[in-house]
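Trainee: would you be able to build a 3D model of this:
(one chain, ligands or ions: 1)
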Amino acid sequence: MKLYDWSIAPNPRRVRMYLAERDIDIEIIQAGAPDQLDLHDWFLKLNPRRRVPLLELDDGTHIGEAMAICRYFEAAQPASDLFGRDARETGLVEMWEREADSSGLQAGGEHVRNAHPAFKDRALPGYAEPTPQIAELAERGRMRYLDFLKRIDQQLADCEFLAGNIFTVADITAFCTIDFWRKFRLPIPKDAEHLQRWFDAVSQRPSTDA
Ligand SMILES: N[C@@H](CCC(=O)N[C@@H](CS)C(=O)NCC(=O)O)C(=O)O
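Mentor: Modelled structure (predicted):
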């Protein structure tokens, strides 16, 4: 089994963090160079979805999408607490994980990929054809992302972690999101004290180095 990774990218980091939290050790192959904005040609031929992360099973099956890969390991091995311990927690984890992905990771990407000159004609990941930047989407993505930060700051006023008092995949997706987009002029707002407290605590986890 192999995981195709790209050390600089936030989506494969979600899987690396999950695997590290679970002490699962698998072969990791870099599908892109750390100083380039394109995945390697051999990987683009191997994976028509043109995106990482990608898990390759021993029978050759390919599974893409960060959370689908984590779910594979939950099913293939004894389940962990990272998706919740009971029905209530499972629902909350799913809700916050999806929120962190769509309103956080994707909204930040909508801003950065439509605004940053490095992504000219590459506004969407995973397309072979040019995808032009749209200035209005950059603005809307920023608005969505800042609103997401505000909402999770409010949520973290009452909870240690996003879905309650245990660390879950919702925290993994939110952490990889915020740690990545803060490098692109989308920092944690100064008045988001609960979010900052959570971010500092999660940063201490050894899995963030994976
Ligand atoms: N929803 C997908 C997103 C995958 C994705 O967008 N990956 C990015 C790296 S973070 C990628 O492969 N980008 C390729 C590109 O920009 O061409 C997931 O959860 O894995």
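Trainee: which residues sit against the biggest helix by length in the chain?
Mentor: When the chain is parsed with DSSP state H, its longest helix is helix 135-158. Helix 135-158 has contacts (CB atoms under 8 Å, 6 or more residues apart in numbering) with 96, 99-100, 103-104, 107-112, 114-115, 123, 162, 174, 178, 181, 186, 188-189, 192-195, 197-198. (C-beta placed from N, C-alpha, C; glycine too.)
Trainee: any of those residues buried? List them.
Mentor: Taking 16 or more other CB atoms under 10 Å as the criterion, what is buried in those is 96, 99-100, 103-104, 107-112, 114-115, 123, 162, 174, 178, 181, 186, 188, 192, 195, 198.
Trainee: spell out which residues of the chain are next to the ligand.
Mentor: When proximity is defined as CB under 6 Å from any ligand atom, the chain approaches the ligand at W6, A9, P10, N11, L39, R51, V52, P53, E65, A66, P125, G126.
Trainee: count of residues packed around the nearest residue to P125 once chain neighbours are set aside?
Mentor: With sequence-adjacent residues excluded and distances taken as CB to CB, 6 or more residues apart in numbering, P125 is closest to R51, at 5.8 Å. Using other CB atoms under 10 Å, R51 is surrounded by 22 other residues.
Trainee: so R51 touches A9, yeah?
Mentor: No. Assessed by CB atoms under 8 Å, R51 is found out of contact with A9, at 9.1 Å.
Trainee: so which of the residues of the chain next to the ligand are in helices?
Mentor: When those are checked against helices (DSSP H), the matches are P10, N11, A66.
Trainee: most neighbours among those, which one?
Mentor: Most surrounded of these: other CB under 10 Å gives A66, at 27 neighbours.
Trainee: okay but that one is in contact with R16, surely?
Mentor: No. Using CB under 8 Å, A66 makes no contact with R16, being 9.7 Å away.
Trainee: list residues touching both of these two?
Mentor: Counting by CB under 8 Å, 6+ apart, no residue touches both A66 and R16.
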